[in-house]
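Novice: compute the structure for the input listed below.
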Amino acid sequence: MSRRTIFGDSNFLAPISNHISDNSVAPAAAFRCHRRGIEAIGAMLASLIRLTHSALLALGILIVTQAAHAEDQPALNISLADQAISRTLPNARNILIEIIPDDEPAPGDLWVRIRNGFAMRDLDSPLVAKHEQWYASRPDYVARMTDRARRYLYYIATEVERRGMPSEIALLPMIESAFNPGAYSTARASGIWQFIPSTGKNFGMEQNWWYDGRRDIVSATNGALDYLQKLHDMFGDWELALAAYNWGEGAVQRAQTRNRKRGLPVNYSSLKMPKETRSYVPKLLAVRNIVANPASFGLVLEDIPDEPYFAAVATSKHMDVKLAAQLADISMEEFKALNPAHNRPVILQD
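Specialist: Here you go, the predicted structure:
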């Protein structure tokens, strides 16, 4: 299997030679780039020896970056920023790069794998049909949402599957943020999983001037799935777990306590809850039904390759974000989409 290598000759290494070390191992955070950049970074770190995806990951290589508004800001003088950066943010960030195969068989469709993992029961609620109609009447919105999802959905679906969760959970960012990593609510919830600051910190998402882990695709996904698993263990079913994700676990517990005192059932359908939470599970099931059979709603879902879109690499030195995007051979727009957690135009060292 051959893959495109970014660096055509050793002269490409000159701009980066003062910024990167091949013996660094960064903690779990990531600079995200297209998959096609992985061998370029591998070539840089291994004296132009081409590495496979699995070989590079085995080296534990990571890269650090920032992506937000980089095009609108001047490049930083890295040498002058070193001390301030190292004092402010000691931990490196992972960076993901896209790998684009050029001569291997086409992968399967990720939607098929997701459909095969659907396991949540149907809900007897008119709200499901209401939300099905809402999405069906907005094909352009659905197309934009699924186009954004193509970058992230393989990673999310794979993690959901690995944890033994129903694959409907992989669709949750559709109703949380429409897979917009820059989504920000009036309640200060941020990222595709819409974590508020306190819950994000509870699940290991660092938040400071340089970086907001709630927008980090890998960190936020892992935190969201950890939280959802905790809620499922607490309440015993996915409907209540999802209600608690939206409303808060304490709110669901209090609603159950009120029902118990009145001799009423304590399942999802029996609890009194806010309008938004009442619609939350029906909306997810509506999305599930559309993904299961888009043609029946007059919609088309473009295939998403059932293969990794990105991979992680790392550096122990600071680097200008535009240089990082150039070396990864991707546009700044794509770089930002893959690295939405970083707030400043500089790649930070460990």
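
Novice: residue 254 and residue 192: what is the separation?
Specialist: 28 Å (CB to CB, to the nearest Å). Bear in mind the C-beta positions are built from the backbone N, C-alpha and C, glycine included.

Novice: higher neighbour count, these two?
Specialist: Ranked by neighbour count (other CB atoms under 10 Å), residue 254 and residue 192 place residue 192 first, with 28 against 13.

Novice: so that one is in which element?
Specialist: Secondary structure assignment for residue 192, by DSSP states H and E: no helix or strand.

Novice: my read is that it contacts residue 177, right?
Specialist: Yes - the criterion here is CB atoms under 8 Å, and residue 192 meets it with residue 177 at 4.7 Å.

Novice: who touches both of the two?
Specialist: Here residue 192 and residue 177 share the contacting residues residue 183, scored by CB atoms under 8 Å, 6 or more residues apart in numbering.

Novice: and the strands in this protein?
Specialist: For the chain, the strands defined by DSSP state E occupy 95-97, 311-313, 319-320, 346-347.

Novice: what ranges in the stretch 101-250 of the chain fall below the confidence cut-off?
Specialist: For the stretch 101-250 of the chain, the stretches with pLDDT under 70 are 101-105.

Novice: same thing but 90
Specialist: The model of the stretch 101-250 of the chain has pLDDT under 90 over residues 101-107, 209-211.

Novice: and the residue nearest to residue 266 when sequence neighbours are not counted, what pLDDT?
Specialist: In space, residue 266 comes closest to residue 256 once its chain neighbours are excluded; the distance is 4.1 Å by CB to CB, 6 or more residues apart in numbering. Predicted confidence (pLDDT) for residue 256: 99.

Novice: now swap in residue 87 and tell me
Specialist: pLDDT, residue 87: 43.

Novice: equivalent analysis for residue 33, please.
Specialist: 58.

Novice: with residue 295 instead?
Specialist: Residue 295 is given a pLDDT of 98.

Novice: start the count at 859 instead of 1 going forward.
Specialist: Sure, I'll start numbering at 859, so the last one becomes residue 1153.

Novice: tell me how many other residues crowd it.
Specialist: Residue 1153 has 9 nearby residues by other CB under 10 Å.

Novice: next: residue 1156.
Specialist: So residue 1156, with other CB under 10 Å, has 9 neighbours.

Novice: kindly report the same for residue 1020.
Specialist: 9.

Novice: OK, contacts around it?
Specialist: So residue 1020 contacts nothing (CB under 8 Å, 6+ apart).

Novice: against residue 1028, how distant is it?
Specialist: 11 Å.

Novice: what's the answer for residue 1158, then?
Specialist: Taken as CB to CB, the span from residue 1158 to residue 1028 is 20 Å.

Novice: sorry, back to before: any idea which of the strands of the chain scores lowest on pLDDT?
Specialist: The minimum mean pLDDT among the strands of the chain belongs to strand 953-955 (a mean of 58).

Novice: give me the pLDDT value at residue 1160.
Specialist: 97.

Novice: so it touches residue 1004, yeah?
Specialist: Yes - in this structure, residue 1160 is within contact of residue 1004 by CB under 8 Å, at 6.6 Å.

Novice: who's more crowded, the two?
Specialist: Using other CB under 10 Å, the more surrounded residue of residue 1160 and residue 1004 is residue 1004, with 21 against 10.

Novice: any figure for the gap between that one and residue 1149?
Specialist: 9 Å.

Novice: need the overlap of contacts for those two.
Specialist: Common neighbours of residue 1004 and residue 1149 (criterion: CB under 8 Å, 6+ apart): residue 1159.

Novice: low-confidence ranges, the stretch 1109-1208 of the chain, go.
Specialist: Applying pLDDT under 90 to the stretch 1109-1208 of the chain flags residues 1169-1188, 1193-1194, 1197, 1199-1208.

Novice: all helices of it, in order?
Specialist: 1133-1150, 1179-1186, 1190-1196 (DSSP state H, counting those that start in this stretch).

Novice: what's the closest of those helices to residue 1092?
Specialist: helix 1133-1150 (16.1 Å; CB to CB).

Novice: and the gap between residue 1003 and residue 1182?
Specialist: Distance from residue 1003 to residue 1182, by CB to CB: 28 Å.

Novice: now do the contacts for residue 1142.
Specialist: 978, 1026, 1029, 1030, 1032, 1033, 1100.

Novice: list the contacts for the first one?
Specialist: In this structure, residue 978 makes contact with 1024, 1026, 1096, 1097, 1142, 1143, 1146, judged by CB under 8 Å, 6+ apart.

Novice: equivalent analysis for the fourth one, please.
Specialist: Contacts for residue 1030 (CB under 8 Å, 6+ apart) come out as 1051, 1082, 1100, 1103, 1142.

Novice: again, but for the fifth one
Specialist: With contacts defined as CB under 8 Å, 6+ apart, the neighbours of residue 1032 are 1003, 1007, 1142, 1145.

Novice: got TSV for these, with distance to residue 996 too?
Specialist: Formatted as TSV, the contacts of residue 1032 follow (distance: CB to CB, whole Å):
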residue	distance to residue 996
1003	9
1007	15
1142	17
1145	12
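
Novice: among those residues, which one is most surrounded by other residues?
Specialist: residue 1142 (25 neighbours).

Novice: re the thing from before, which two of the contacts of residue 978 have the greatest separation?
Specialist: So, the contacts of residue 978 by CB to CB: farthest apart are 1097 and 1146, at 12.8 Å.
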